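Chemist: With the sequence up front, the predicted model follows.
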Amino acid sequence: MKRTQSLAAFDRACRVIPGGVNSPARAFGGVGGQPVFFARGEGPYLFDLDGNRYLDFVGSWGPLILGHCHPRVVKAVQEALGRGATFGAPTELETQLAELVVLLVPSIEMVRMVSSGTEASMSAIRLARGFTGRDVIGKFAGCYHGHVDSLLVAAGSSATTLGVPNSPGVPRGCTADTLVLRFNDVKGLRQAFRQHGDKIAGVILEPVVGNMGLVAPMAEFLAELRGLTHKHGALLIYDEVMTGFRLALGGAQELYKQSPDLTVLGKIVGGGLPVGAFGGRRDIMQKVLPAGPVFQAGTLSGNPLAMAAGLATLQELRERPPYAYLESLGQKMVDGLAVAVRSAKMPYQIARVGSMWTLFFAADPVSNYEAAKKSDTARFAKFFWAMLERGIYLPCSQFEAAFLNAAQTEEHIDQTIAAARDALLEIGR
Ligand code: KE4
């Protein structure tokens, strides 16, 4: 495929934007080469500046569960824009979206809107610390919650050491109270709570991880974490920025029948526009300014255009739930991929929960970050480019989940599997 327009656009962007992108995830760092610049999306498709068409399995990293330019979402945003982009004052749209979030996510009794998942995670952590009066926050290696200073932390030497910064610009003090844990490690959890239990304000996790590539929780892991946080008076914070309204209408917590104290949302709740949210138990949320003392604020929080997009998306998901359909597409996808990768005689693992999936080029099952990092990222890069040449746009990293959307059909999955079969044979030679 010719991508000269993208290359020229990237050169131009690099002169005024660091790395030519406004977020590193889209810089193709994990696969080499230069990012594709897109002109537009339409249903299941993306079209780049050179007019090439791709089946989109990124969906803007999760928001577009309905596909691009869903008519209901487009109409809602256009109408909202005609009434004014922003007021810096309350609108009923914010209350309507908040009421719908409360209705759909059982553990959420009150919710505050913000403008990104990062902002939502950061606020939820501050709230957990403010509510409990404690400082330590637990997070899991490989889980990503946005670029929150205290969570930009490298795993310590063992499961119970406090973290050290993994980015320049983050002072040691920011991560000195961050406990880095191992996902799916029940023994490590118990040890961490034995050692630090009375100092832990909260534990945040992706209940189903997208940011290691797709890693599902093992049977007793979520239940054990709920039990330990209850026992030690720590808050349980589910980061459902990716999984919220995706794995079920009530998110991963509905799918796994869990009830966290706080939930962080983003992506789908904004229908593709910038929305994050944090919500949960009323007694906790009532501590948020101005109801309570924990400071949190944002000029464009609850922006009417973003609220309109989120409302239209959640209403569509509620009225025509796509989850059974996405489950069948997802099963078809991974069944076909397994046949394709087996015929190419390569070590692989395939992980899927609902409409989120990852093909790991790894010999052993991937249940945590250490295991994920054993994947053959060079082979993944070759696969990524071979699929791109065949018009399939996958996440540009082995450590990201791919997303199905309701605009895709069985025919699209068949096309993708056929492309994968050819691509895997090509890279295997
Ligand atoms: P944002 O600040 O990017 O809206 O959300 C941060 C965030 C929080 N929690 C989870 C589970 C997330 O996946 C994210 C953001 N996800 C990445 C993709 N892995 C967004 C892509 C990007 O950073 O450009």
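Modeler: Yep, it's here.

Chemist: Show me which residues of the stretch 301-429 of the chain sit near the ligand.
Modeler: With the criterion set to Cβ under 6 Å from any ligand atom, the stretch 301-429 of the chain comes near the ligand through E400. From N, CA and C alone the C-beta is placed, and that goes for glycine too.

Chemist: residues near the one residue in the stretch 101-250 of the chain that gets nearest to the ligand, how many?
Modeler: Nearest residue of the stretch 101-250 of the chain to the ligand (Cβ to the nearest ligand atom) works out as G117 at 2.3 Å. Neighbourhood size, G117 [other Cβ atoms under 10 Å]: 31.

Chemist: any idea where the helices of the stretch 251-400 of the chain begin and end?
Modeler: 251-255, 282-285, 304-319, 323-343, 369-372, 377-389 (DSSP state H, counting those that start in this stretch).

Chemist: which non-adjacent residue is nearest the residue of the stretch 101-250 of the chain closest to the ligand?
Modeler: Nearest non-adjacent residue to G117, counting by Cβ to Cβ, 6 or more residues apart in numbering: G266, 3.2 Å away.

Chemist: what's the spacing between that neighbour and G62?
Modeler: Look at G266 and G62: by Cβ to Cβ, to the nearest Å, they are 8 Å apart.

Chemist: Same check on A362?
Modeler: 23 Å.

Chemist: same thing with A154?
Modeler: Taking Cβ to Cβ, one finds A154 at 25 Å from G62.

Chemist: go on, P168?
Modeler: For P168 relative to G62 (Cβ to Cβ), the value is 28 Å.

Chemist: The two: which has the busier surroundings?
Modeler: G62 (25 against 6).

Chemist: Would you list the phi and psi of that one?
Modeler: Per-residue torsions, G62: phi 130, psi -30 (degrees, to the nearest 10).

Chemist: How far does stretch 326-333 sit from its chain's centre?
Modeler: With Cα atoms, centre = their mean, to the nearest Å as the basis, stretch 326-333 stands 19 Å off its chain's centre.

Chemist: in that stretch, what's buried?
Modeler: Using 16 or more other Cβ atoms under 10 Å as the test for burial, stretch 326-333 gives L326, E327, L329, G330, K332, M333.

Chemist: before we move on, what about stretch 278-290?
Modeler: Neighbour count says stretch 278-290 has F278, G279, G280, R281, I284, M285, V288 buried, by 16+ other Cβ under 10 Å.

Chemist: Now, those that are in strands?
Modeler: Judged by DSSP state E, the buried residues of stretch 278-290 include F278, G279, G280 as members of strands.

Chemist: Show me what the strand or helix carrying G188 is packed against.
Modeler: If you go by DSSP states H and E, G188 is part of helix 186-196. For helix 186-196, the elements it packs on are strand 178-181, helix 221-232, judged by 3 or more Cβ pairs under 8 Å, 6 or more residues apart in numbering; DSSP states H and E.

Chemist: Turn those into JSON lines, including mean neighbour count and mean pLDDT.
Modeler: Putting the helices and strands packed on helix 186-196 into JSON lines (neighbours: other Cβ atoms under 10 Å; pLDDT from 0 to 100) gives the following:
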{"stretch": "strand 178-181", "mean neighbour count": "25", "mean pLDDT": "95"}
{"stretch": "helix 221-232", "mean neighbour count": "18", "mean pLDDT": "98"}
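
Chemist: which is the next helix or strand following the helix holding G188?
Modeler: According to DSSP H and E, the helix or strand after helix 186-196 is strand 200-205.

Chemist: In space, what's closest to the residue most central in space within the chain - neighbours in sequence excluded?
Modeler: With distances taken as Cα atoms, centre = their mean, the residue of the chain nearest its centroid is M242 (3.0 Å). Nearest residue to M242, sequence neighbours excluded (Cβ to Cβ, 6+ apart): G210, at 4.2 Å.

Chemist: for D177, same thing?
Modeler: D135 (4.4 Å).

Chemist: so what's V105 closest to, chain neighbours aside?
Modeler: For V105, the closest residue by Cβ to Cβ, 6+ apart turns out to be G250, at 5.2 Å.
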